[in-house]
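K.L.:
Got a sequence here, can you model it:
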Amino acid sequence: MVQRISREEVAHVARLAQLALNEDELDAFTSQLAAILDHAADLEALNVDDVEPSTHPFPLKNVLRVDEPGEGFEVEEVLEVAPEVEESQFRVPPILGES
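P.N.:
Got it, this is the predicted structure:
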């Protein structure tokens, strides 16, 4: 495996980002970033000339039902089961210090 990023480069980027990394973190991030760059190189090496661009690997279709109006409830029927009613509307507790 070719080293794609050095410990000094990681330290430099950390300084630019104003991150204070200790020695263990610097070693860990250098290793992790090198693995990420290796994976990116693997992806870059793939031949995708014959692959059509797509937004999703599988064909998608709308699996929801059609939104059609149906029978509703009568206002009086709904208000009968409401905890509190005021002027034919649900009464809810005030919020944000309203009175």
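
K.L.:
Tell me how many other residues crowd residue 77.
P.N.:
Per other CB atoms under 10 Å, the neighbour tally for residue 77 reads 9. All C-beta spots, glycine's among them, are computed from the backbone N, C-alpha and C.

K.L.:
Distance-wise, check it relative to residue 86.
P.N.:
18 Å (CB to CB, to the nearest Å).

K.L.:
And for residue 19?
P.N.:
Residue 19 is 56 Å from residue 86, where distance means CB to CB.

K.L.:
Same drill for these two, tell me which one is more crowded.
P.N.:
A direct count of neighbours by other CB under 10 Å for residue 19 and residue 86 places residue 19 higher, at 12 against 9.

K.L.:
did I read that right, the more buried one in a strand?
P.N.:
No. Using DSSP: H, G, I helix; E, B strand; the rest coil, the assignment for residue 19 is coil, not a strand.

K.L.:
Can you show me the strands along the protein?
P.N.:
85-86, 89-90 (DSSP state E).

K.L.:
Show the pLDDT at the residue lying closest to residue 84 once chain neighbours are set aside.
P.N.:
Among residues not flanking residue 84 along the chain, residue 91 sits closest, at 3.8 Å (CB to CB, 6 or more residues apart in numbering). Looking at residue 91, its pLDDT stands at 92.
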